[in-house]
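S.K.: Give me a 3D structure for the following:
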Amino acid sequence: MAKLKLLLLPFLFYTNLLCFFHCTLSLINPQDDLSWIAMESEDINMVQTRRDSWKKCDFSVGKWVFDQSYPLYDSNCPYLSTAVTCQKNGRPDSDYEKWKWKPNGCSIPRFDALGFLGKMRSKRIMLVGDSIMRNQWESLVCLVQEVIPTDRKKVTYNGPSMAFHAMDFETSIEFFWAPLLVELKKESNNKRILHLDLIEDNARYWRGVDILVFDSAHWWTHSGQTSSWDYYMEGNSIITNMNPMVAYQKGLSTWARWVDLNLNPRKTRIIFRSMSPRHNRQNGWKCYKQRQPLQFFSHLHVPEPLVVLQGVIKRMRFPVYLQDITTMTAFRRDGHPSVYSKAVNEERQKAGTGLSSDCSHWCLPGVPDIWNEMLSALL
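M.R.: Residues are numbered from 1 along each chain as shown. Reported below is the predicted structural model:
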């Protein structure tokens, strides 16, 4: 009997050790440690979610399906900019409002305004970026605003930001203007300087936000007369000429360092939406009179800004979800305002420069509504 006890002692010690380890782990709040873990794949589509089903679903690969039950709101939404209300601006067709994105092997749930507001109760969600992100913010506000009584919603402004408030949910949906993320300043001589290593003037507004959605690509590709700066600076060094994608990588790296050093993944979720493709003028207006999405690509081109963005995110400690909408949106040359961007064309006609075709922004209702359905599913 004594021998049997001696034989059992190592077994009991090992069992207690395993129990202690398991019980210690079970005391950790799974929502704190496991809810936002990054599952990294070769294409940097990083999934941070507790639901295993989303890990098996790549939202970026699929097809556009015509759906008569869309759109989810109409162009009378009071929060839409004049330039994107294509129906009001005289666009004769409306099929572009009725296409839903169907990923291969799964589906994106239809946007549920009350469900979304319930998930966002007592939270701040901020969309940070350029005018395409403003496009997406207007879409998101229009998706939720109809379920909120008129006297229980409002918009406030604070410097470069605006916020839609759903007061009964203590929720704010905010937009912050920062097309380059890093700081663009004007000197006393009116020269514009893009500081590739400075970001705090913008980033101080991002502290305390629960969900941050970023985009930044379009302004980095501007050159010549369309460029927004005269020269770059890093530290005290003035740089008059630099490859735009090298500059983009440096600017994104500054953003990434700030996030890694200043934000807590237990308190803040970050999504970076990839670039929205243009269908700009090239031997004619490529988006003018387009009525259907493209059915296929003769060859698939991955834009260089997306490659740069993937590389920066891959090196970050903070788990950032890359919402890749680039390829799926490239099919939608039918979704742009084209010449039905009334405010823009009135300005150009006054200046005597003729009509302009906007093949960068998106008609609303339209394509950005699908980005927000994806966003809601991810959250």
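S.K.: Report the residue spans of the stretch 251-379 of the chain with pLDDT below the cut-off.
M.R.: Confidence mapping of the stretch 251-379 of the chain against pLDDT under 70 gives the ranges 281-285, 298-299, 343-355.
S.K.: Could I get the buried residue list for the helix or strand hosting residue 312?
M.R.: Assigned by DSSP states H and E, residue 312 belongs to helix 304-314. Judged by neighbour count using 16 or more other Cβ atoms under 10 Å, the buried positions of helix 304-314 are 305-306, 308-310, 312-313. Bear in mind the C-beta positions are built from the backbone N, C-alpha and C, glycine included.
S.K.: Roughly how far does the residue nearest to residue 116 when sequence neighbours are not counted sit from residue 91?
M.R.: Leaving aside its sequence neighbours, residue 116 sits nearest to residue 376 (Cβ to Cβ, 6 or more residues apart in numbering; 5.1 Å). Distance, residue 376 to residue 91, by Cβ to Cβ, to the nearest Å: 27 Å.
S.K.: re earlier: show residues contacting the helix holding residue 312.
M.R.: The contact list for helix 304-314 (Cβ atoms under 8 Å, 6 or more residues apart in numbering) reads 40, 43-44, 46, 217, 220-221, 245, 248-249, 252-253, 255-256, 272, 274-275, 320, 322, 324, 326.
S.K.: which of those count as buried?
M.R.: 44, 46, 217, 220-221, 248-249, 252-253, 255-256, 272, 274-275, 320, 322, 324, 326.
S.K.: From residue 178, how far out is the residue nearest to residue 116?
M.R.: 23 Å.
S.K.: Tell me which of these two has more neighbours.
M.R.: Taking neighbours as other Cβ atoms under 10 Å, residue 376 and residue 178 compare with residue 178 leading, 26 against 21.
S.K.: what's that one in contact with, if anything?
M.R.: Contacts of residue 178 (Cβ under 8 Å, 6+ apart): 128-129, 160, 202, 216.
S.K.: Can I get the buried ones among these as something I can paste into ChimeraX?
M.R.: Applying 16+ other Cβ under 10 Å to the contacts of residue 178, the buried members can be selected in ChimeraX as follows:
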select :128,129,202,216
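S.K.: Determine how far stretch 88-97 lies from the middle of the whole chain.
M.R.: Centroid separation between stretch 88-97 and its chain, computed with Cα atoms, centre = their mean, to the nearest Å, is 25 Å.
S.K.: ignore the last one, stretch 303-318
M.R.: Worked out by Cα atoms, centre = their mean, stretch 303-318 lies 14 Å from the chain centre.
S.K.: picking that back up, do me a favour and get the backbone dihedrals for the residue nearest to residue 116.
M.R.: phi -60, psi -40 (degrees, to the nearest 10).
S.K.: Double-check it against residue 114; I have them as touching.
M.R.: No. Using Cβ atoms under 8 Å, residue 376 is not in contact with residue 114; the gap is 11.5 Å.
S.K.: quick one on the thing from earlier: closest to residue 294 among the buried residues of helix 304-314?
M.R.: Residue 294 lies nearest to residue 306 out of the buried residues of helix 304-314, by Cβ to Cβ, at 18.3 Å.
S.K.: Just the mean pLDDT for stretch 176-187, thanks.
M.R.: Mean pLDDT, computed over stretch 176-187, is 95.
S.K.: Quote the end-to-end distance of that stretch.
M.R.: End-to-end distance for stretch 176-187, by Cα to Cα, to the nearest Å: 23 Å.
S.K.: which residue is nearest the middle of this protein?
M.R.: residue 273 (3.2 Å; Cα atoms, centre = their mean).
S.K.: Identify the bridge partners of that one.
M.R.: Using DSSP bridges, the bridge partners assigned to residue 273 are residue 323.
S.K.: where's it relative to residue 92, distance?
M.R.: Counting by Cβ to Cβ - residue 273 and residue 92 are separated by 30 Å.
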